[in-house]
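Visitor: Curious how this folds, go ahead:
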Amino acid sequence: MSDEKKIVRFPISRKTRVQNRMGAGYVPCELTMRFLQFDLKSSLQADGEFISLSVMTSRDWDDGPVNPRRLCSLVVTRADLVRALAAVKPRD
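Guide: Predicted coordinates:
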C-alpha cells in the first residue's frame, strides 16, 4: 500500500485553514485582502470593557496573509460592538 493511500485528509475549507492559522482574533474581509485582528485580552475599566483591534492588509495571499501590515488601530468597547452588530439586518 502506498503512502498516499495511508493519508486521511480532513475536509477543511481554505477559509477555515486560514482562520486556524491566524488565530481566534482574525476576522477576514470577504472581498479584499484586508482583515481585522483583535487582541485576545481586553481591558476592564470603570466605564466599560475596552477591546483593541487592528485593521490589517496584505499584498500577497497564499493560504492567508503574507507579510501583513497594520493600516490603523482602534480601541472600542464591547458594548458598542454588540450594539452595532445587533443593529445590522439582512437586506430584503
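Visitor: The closest residue in space to Val66 that isn't next to it in sequence: how many residues sit nearby?
Guide: Leaving out its chain neighbours, the residue that sits closest to Val66 by C-beta to C-beta, 6 or more residues apart in numbering is Asp60, at 3.9 Å. All C-beta atoms are positioned from the backbone trio N, CA, C, and that covers glycine. For Asp60, the neighbour count with other C-beta atoms under 10 Å is 10.
Visitor: What pLDDT is listed against Asp60?
Guide: If you check Asp60, the pLDDT there is 74.
Visitor: roughly how far apart are it and Leu71?
Guide: To Leu71, Asp60 is 16 Å away according to C-beta to C-beta, to the nearest Å.
Visitor: ok but Ala79 is inside a helix, no?
Guide: Yes - according to DSSP: H, G, I helix; E, B strand; the rest coil, Ala79 belongs to a helix.
Visitor: hang on, it packs against Ile51?
Guide: No - Ala79 is beyond contact range of Ile51, at 10.2 Å (criterion: C-beta atoms under 8 Å).
Visitor: So those two - more neighbours on which side?
Guide: Ile51 (19 against 11).
Visitor: phi, psi of the spatially closest residue to that one that is not a sequence neighbour?
Guide: Spatially, and ignoring its direct neighbours in sequence, Ile51 is nearest to Ser42 (4.8 Å; C-beta to C-beta, 6+ apart). Main-chain torsions, Ser42, degrees, to the nearest 10: phi -100, psi 170.
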